[in-house]
Every structure is written in structure tokens, then in C-alpha cells.
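**Q** Quick one: sequence plus predicted model below, questions after.
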Amino acid sequence: MSNFEIVIGLEVHTQLKTESKIFCSCSTKFQSPPNSNICPVCCGYPGVLPVFNKRALELAVRVSLALECKINQSIYFERKNYFYPDLPKDYQISQYKMPLGERGILEFPSGKKININRVHLEEDAGKLIHKNDCSWVDFNRAGTPLLEIVSEPDMRSSQEAFDYLTYLKLILQYIGVSNCDMEKGSLRCDANISLRKKGDPKLGTKVELKNMNSFKGVRAALEFEVKRQANALENGEKITQETRLWDVEKLKTMVMRTKEQAHDYRYFPEPDLLDFSVSNELIEKEKALVGELPIERRKRFLEEYKIDQKEIDVILNSIWLADFFEQANKFYSKPKELSNWLLGPFLEQVNTLEKGFDSVKISAKKFAQIVKYFCEKKLNNLSAKKALCLSIATDQDIDSIIEKEGLAQVSGEDQLSLFVKEAVKENPKPVKEYLEGKDQAIMFLVGQVMKKSRGKANPQVAREMLKRRIEK
């Protein structure tokens, strides 16, 4: 590998968050009964006329602006002709010569920049379902608004490709154009990879990779393909320009077909759609809706909250979590303590919920209240976690939970003295070990006090009282 440079470009397809399809009024609702959201238009019946969905255009403009693309204000659609069982028209309405957006940039938090070649609109195909030795066709997805984002071949490793996908997905979610759920097919990726001799400006023969249903799958497929191509080149073999499928079970790529060229698709202007103009008013409106991008929010979080970069990256990886964190800081301005609880006990609880964040009922204010009570020693660690557990999916009143469950921390020495006395009397061995210099033995005794107090004792106070009693 030391003799070769890896060259990777990615083609990302994302379904836009519209209620209807791009050229007809059929619903885009996921998991509808097969072939229930179809009509003569999206099935390509003779004599029908497509009507362009303005909402799809608006969201596509928003993506183009977020990726700093030049907007082509005069666009038109073309027919991309090919046959596949899930393509009812035997052609796809797409954009080729005049994409909506061109020459953009995606910048990583690290400062690495990937150039964007183009952003264009098209319609999705249907879906093949293979089972019981036969194939079924569901056309519900056919005609769903699809946005293709094509990068330049600027990535030099499988990890860079993984980072690009992760950050692009985050941008699309932040600006509200797609849910980017790969399991539902609303985000898909094809990768183009080639190898060339180091220092050679000429690109090698590229291979396209398909059938990767996760970002980790993309990374694994690229890593396999790097080794395959490197071995072939070192043995004097030529790389064939082709499309290969990633076999998830065998963890290897397999030949699907030789790669088509643009002329194979016989592109020509879509005769049933007029040319479209993208107005300055629409561009300005969508520019305002782009809002604060992840890279800008990350910079602000670092300056405003002054917590660890790794913690910020985890928080920002979910819009829900980032918004919740910001709301909690309005009620208790201790970002480090809030972050510790958010990324620790809070996420532990969320991960046990069937619908994740969608199941969370506790408000940011009440979450901040629990953290505040813990920091003020009104609740110990165990009690605070229990209060969080009881309120996270119900949004119960925190003070009521504490009173009902008896969770208030006991810090008074008068209240703890009996527990301390009993712990020392009942555990002579750890007492002896502590006197012999084994400091950890005291923690066993603290645990006994916690047990006797049903988890309500202040462990720091209990420890000091135990030490005084043993050492006197």
C-alpha cells in the first residue's frame, strides 16, 4: 500500500421530507401496504403528465446553500433511460446537464474540506423484495423526491469517507430536510474508489460500490476494495471499471455489472416538464432557514460552555440532545455537571427505552433540577439516578418523587450516627484492615452505612464519621 494513493468519491442519495411525491400527489408515508401509494403518474402510464413538487425544490435549495453550492437559477429535468424491475417507467426523471447546485464545500470540524461536485433532484425507484425463491415489487417508493449529492474524489481513506458521511448526515438533519434513516432507505450511498501511484496526477480506473446499508458497511467495503485493487495492481493486473456489490455476510465485494457511461442512459430533456426558475426570493427564504450548522454550533458550544470537545461532539451528534442540553443550561448554568449527567445516567436510561429520545417525557427544566439537587447534596448519586429513572418517561414532579420515595439525602451526623456505630460494630475485619493501613476497607464500611440508610446517606459525611470513630 505504501506505493499507492487511495482516491474516493461518494454519491449520497437522500429522500427529502415531503408529504407527497416529486411529480404527483401520492403520499410518501413509510411502511404503507405495498403498492397502496401509487397512481398512473408515478407508475408512468401513457398520457399522464408530471407536476413538480415545489416543496422538494425548496428543500433541495436549502441543502445546496448549506453546502455552499452555486445555485443554477434556471434548471430543467431530463430522462435517464434504463431498465430495472422496480422502475415502472423504464426511465427516471433526473438532472444531468443542469443540476440545481454546483461547486460546493463540506468542511469537517477538523478543518478538512471536501469539494462537492453537484447537488441534483430526481425521483426514487421502487423496491424489490426477495423471499420464498421469488421477487416482489413494491412501487410505493417510486417517485419519492430524491436528492443526490456527489462529492469530488477528495477523500484519501475509508475513515475520511466515514467522517464525510457522518457529518453530511448531521447537516441534513440539522437543516430539517431528511430523517436520514438508512434502515428505512431514506439515506443511501454509493462509493467510487480507485488507486494510483503516489505522485501520479492521473486518476486510476474507478470501481463503484453499492449495497452498503450502514456507514460502517461503507468503511468496511472500501477497506476491502483497497486491498483487492492494491493486490491486483502489484501483480500487474488491470482494474476493470465496474459496479460491485458489498456482501455483508462474506465481507467482500462481488461483481454486479460493468459500469455504464452517461451516453448509455441516453439522457434527453423531459418533454412533459417545463424549464424552472429558482427565484431570488426563494433562495433568500431558504438561506434563512438553513440556520446554525453543526460546525458553527460546535464552535459556539466550545466558547460558551467550555466543556471537553469529545463531550460536545457526542452532544451535537443528536439535534434532540443538543437542544435539550441548551435548554437545561437555561435553568442551571453548570454545563460540565449537566454534560456529565446527560452523557452518563441520562443516556443510559434513554438507551433502554423502546423508542429512544421519542419516549423521553422529562423536561429539560426538571432534568436540570435533578442535577442541581445532586450538586447541592440534596440527593446522593443513587437517589438522583432513581429520581431520573422515575421521571424520564413520565415527567413527574421531582420534589413529589423525592418525597414519595424518600430519596432526600441524609447528611446530619445525628441521623447517621446510629448507622455508623452499627457498621463498625458488625464488621470488625474491615475495621482491622483499615487500621492496618488498607484505606479501601473504609469504602466497604461506607457501603454498609448506605445499605442501612437505604441509599440516602451522604457518602462523604459517612466516610468522615467512620474514620473518626475507628481512629479515636
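**A** Here it is on my side, so go on.

**Q** Can you pull the phi and psi angles for Pro40?
**A** Main-chain dihedrals, Pro40, degrees, to the nearest 10: phi -60, psi -30.

**Q** tell me the pLDDT at it?
**A** Looking at Pro40, its pLDDT is 96.

**Q** From the chain's centre, how far out is stretch 448-461? Work that out for me.
**A** 41 Å (C-alpha atoms, centre = their mean, to the nearest Å).

**Q** my bad, stretch 44-58
**A** 30 Å.

**Q** And stretch 428-436, by the same measure?
**A** How far stretch 428-436 lies from its chain's middle: 52 Å, per C-alpha atoms, centre = their mean.

**Q** Output the below-cut-off pLDDT ranges for the stretch 251-400 of the chain.
**A** 259-263 (pLDDT under 70).

**Q** quick one: the strands in it?
**A** 252-258, 268-269, 276-277 (DSSP state E, counting those that start in this stretch).

**Q** can I get the ones you listed in JSON lines with distance to Leu170?
**A** Where C-beta positions appear, they are placed from N, C-alpha and C, glycine not excepted. Output for the strands of the stretch 251-400 of the chain, formatted as JSON lines (distance: least, C-beta to C-beta, whole Å):
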{"stretch": "strand 252-258", "distance to Leu170": "27"}
{"stretch": "strand 268-269", "distance to Leu170": "36"}
{"stretch": "strand 276-277", "distance to Leu170": "29"}
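
**Q** Of those strands, which is nearest Lys456?
**A** With C-beta to C-beta, the closest approach to Lys456 among these belongs to strand 252-258: 57.8 Å.

**Q** same for that closest one, what does it pack against?
**A** Applying 3 or more C-beta pairs under 8 Å, 6 or more residues apart in numbering; DSSP states H and E, we find strand 252-258 packed against strand 207-212, helix 215-234, strand 242-247.

**Q** winner for burial among those?
**A** Neighbour counts averaged per stretch over those are highest for strand 207-212, at a mean of 20; criterion: mean count of other C-beta atoms under 10 Å.

**Q** tell me what it is packed against?
**A** Using 3+ C-beta pairs under 8 Å, 6+ apart, strand 207-212 sits against strand 187-197, helix 215-234, strand 242-247, strand 252-258.

**Q** redo that, cut-off 7 Å
**A** strand 187-197, helix 215-234, strand 242-247 (3 or more C-beta pairs under 7 Å, 6 or more residues apart in numbering; DSSP states H and E).

**Q** what would the ones you listed look like in JSON lines with distance to Trp320 and mean pLDDT?
**A** Converted to JSON lines, the helices and strands packed on strand 207-212 look like this (distance: least, C-beta to C-beta, whole Å; pLDDT from 0 to 100):
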{"stretch": "strand 187-197", "distance to Trp320": "18", "mean pLDDT": "95"}
{"stretch": "helix 215-234", "distance to Trp320": "19", "mean pLDDT": "95"}
{"stretch": "strand 242-247", "distance to Trp320": "31", "mean pLDDT": "94"}
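
**Q** closest one to Ser178 among those?
**A** Between Ser178 and the helices and strands packed on strand 207-212, the shortest gap by C-beta to C-beta is with strand 187-197, which sits at 6.8 Å.

**Q** Can you mark which positions in the closest one are buried?
**A** Across strand 187-197, burial judged by 16 or more other C-beta atoms under 10 Å covers 187-196.

**Q** from those residues, which is closest to Val207?
**A** Nearest to Val207 among the buried residues of strand 187-197 is Ile193, at 5.8 Å by C-beta to C-beta.

**Q** so the closest one bridges to which residues?
**A** Ile8, Val207 (DSSP bridges).
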